[in-house]
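# coordinates for the following, if possible.
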Amino acid sequence: MDYSPKTFTLPVLNGISATSVEEHLGLYAGYVKNFNAMSALLPEYAKDSEKNAHALSELIRRRSFEFDGMRLHELYFEQLEEGNKPLTAGGPLSAAFEKEYMKVEHVVPYLTAIGMMRGPGWAMMYWDPEGKQFLAGFSGEQHQGHFVTLPIILALDVWEHAYLLDYGASGKQKYIEAFFDNLNWSVCERRFASAQQ
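Just a heads-up that it's a prediction; the model follows:
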């Protein structure tokens, strides 16, 4: 099955230019295209997996990178649709943040600190339904470093392509601030509600 790039209805974003968004969406479409192309090659390579062992292993490794790039960008752009919507005070996600982090106000600085780690990658907030707790993490390579099986509540792209055009190589902090200024928390609230079921 071939995947198609999803379309996102994004408003004008504060601090993230239309040009940057356009370039970023193009990169996302590239992940979709590359995943489809690699998937199409697998049956042929698998016919003689011993002969094609090296090529097959590299294809499998890169294919997971493309797939995760596709999926994480879908989560990322979905969070920016409909413009900034604050976290619902006293709502289930807000209450869970309060329980774990003492104050809701601690969550954004915590995720910002994770995003500011050296190197490109993703800062993410997961929910562990079994442990009934949040797990925040950093995936330097988007196909590695994940809390496997856990639903992602929030995905923050901190690869250079997300901020280079607007803020330059040293502008990650300003970009992260812009991301949270534009974040539609209702999307995260819906994800959290789904993770409870």
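# the residue lying farthest from the centre of the chain sits in which helix or strand?
Largest separation from the mean C-alpha position in the chain: residue 51, at 36.0 Å (C-alpha atoms, centre = their mean). Assigned by DSSP states H and E, residue 51 belongs to neither a helix nor a strand.
# next one: residue 136
Judged by DSSP H and E, residue 136 forms part of strand 133-139.
# in that strand, what's buried?
134, 136-139 (16 or more other C-beta atoms under 10 Å). Just so you know, the C-beta spots here come from the backbone N, C-alpha and C atoms, and that holds for glycine as well.
# list the helices and strands that strand packs on?
helix 92-101, helix 107-115, strand 122-128 (3 or more C-beta pairs under 8 Å, 6 or more residues apart in numbering; DSSP states H and E).
# show me what stretch 188-197 is in contact with.
79, 87-88, 91-93, 96, 125, 127, 129, 151-154 (C-beta atoms under 8 Å, 6 or more residues apart in numbering).
# please read the previous query as pertaining to stretch 132-148.
Contacts of stretch 132-148 (C-beta under 8 Å, 6+ apart): 61, 64-65, 67-69, 72, 96-97, 100-101, 110-111, 114-115, 117, 119-128, 150, 153.
# buried only: go through those residues for me.
If we count by 16+ other C-beta under 10 Å, the contacts of stretch 132-148 have these buried: 65, 67-69, 72, 96-97, 111, 114-115, 120-127, 150, 153.
# what is the burial count for the closest residue to residue 169 other than its chain neighbours?
Closest residue to residue 169 apart from its sequence neighbours, by C-beta to C-beta, 6 or more residues apart in numbering: residue 160 at 6.9 Å. Neighbour count for residue 160, taken as other C-beta atoms under 10 Å: 16.
# same check on residue 144?
11.
# and for residue 187?
Residue 187, neighbours per other C-beta under 10 Å, totals 18.
# show me what contacts it?
Here residue 187 is in contact with 78-79, 81 (C-beta under 8 Å, 6+ apart).
# quick one: secondary structure of the nearest residue to residue 185 once chain neighbours are set aside?
Once flanking residues are discounted, residue 185 sits nearest to residue 87: 4.2 Å by C-beta to C-beta, 6+ apart. With DSSP: H, G, I helix; E, B strand; the rest coil as the basis, residue 87 sits in coil.
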